[in-house]
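# Give me the fold of what follows.
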Amino acid sequence: AGQSLGAFLSKSISLKIFGDANDYVAKGLSGGKIVVVPSKINRLKTKENTIIGNTVLYGATSGKLFAAGKAGERFAVRNSGGTAIVEGCDSNGCEYMTGGNIVILGSIGDNFGAGMTGGMAFVYDEKNNFENYANPSSIVWVDSSALLRVKVPPVAAPVKYSNFWVFPLPGFKVRLPSATLR
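Numbers count the residues shown, from 1 in each chain. Now for the predicted structure:
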């Protein structure tokens, strides 16, 4: 799919994409739902490959995004209320985020959470090296100690996820803006 797939998508509209999508997916998402999964003939490992481009979920106010693969740079920038699950992201993830909930099931890039003032990010830190990529002036991180249930849409079944993830799981840490603790 091309640029700005699902831009400003409103409530009660859902898009299911079998393949990959370019930059600005879910830009200004406003209540809709977007699911991006590899095509049925794709044999690549989703956690190792980017399926959605740069600046995804930019300025989202509500709605959901589920991607079976990694996001490019500047994922969830200026997100103020969207919910998303991806398998990793490149640099500047959750930058200037003011609200919403993000679950990242893989690696992240440099400067994660810079300027983040709201919302929550749950990042699977398999290699226990999150602090090497986080922006410590904006966020704090702790091991997950509360339970969180996140429903996965049925279309994500080929990714071999269960219907629910229940936290805490080993390796998950909660990332939240340091302003939340003031």
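
# going forward, measure contacts between C-alpha atoms and count neighbours the same way
Will do.

# what sits against Ser10?
Leu29, Ser30, Gly31, Gly32, Gly63 (CA atoms under 8 Å, 6 or more residues apart in numbering).

# change it to 6 Å
Contacts for Ser10 were tallied using CA atoms under 6 Å, 6 or more residues apart in numbering; they are Ser30, Gly31, Gly32.

# First-to-last residue distance for stretch 24-35?
With CA to CA, to the nearest Å as the measure, the first residue of stretch 24-35 is 14 Å from its last.

# Relative to the whole chain's centre, how far out is that stretch?
Centre-to-centre, stretch 24-35 and its host chain are 12 Å apart (CA atoms, centre = their mean, to the nearest Å).

# And for stretch 56-67?
8 Å.

# which residues of the chain score low on pLDDT?
Where the chain drops to pLDDT under 70, the residues are 142-173, 175-176, 179-182.

# Could you rerun that using 80?
1, 141-182 (pLDDT under 80).

# Just give me the closest of the contacts of Ser10 to Gly69.
Gly32 (19.8 Å; CA to CA).

# now that closest one, what's its secondary structure?
Following DSSP: H, G, I helix; E, B strand; the rest coil, the label given to Gly32 is strand.

# I'd guessed it sits against Thr61; true?
No: the criterion here is CA atoms under 6 Å, and Gly32 misses it with Thr61 at 10.2 Å.

# All set, thanks.
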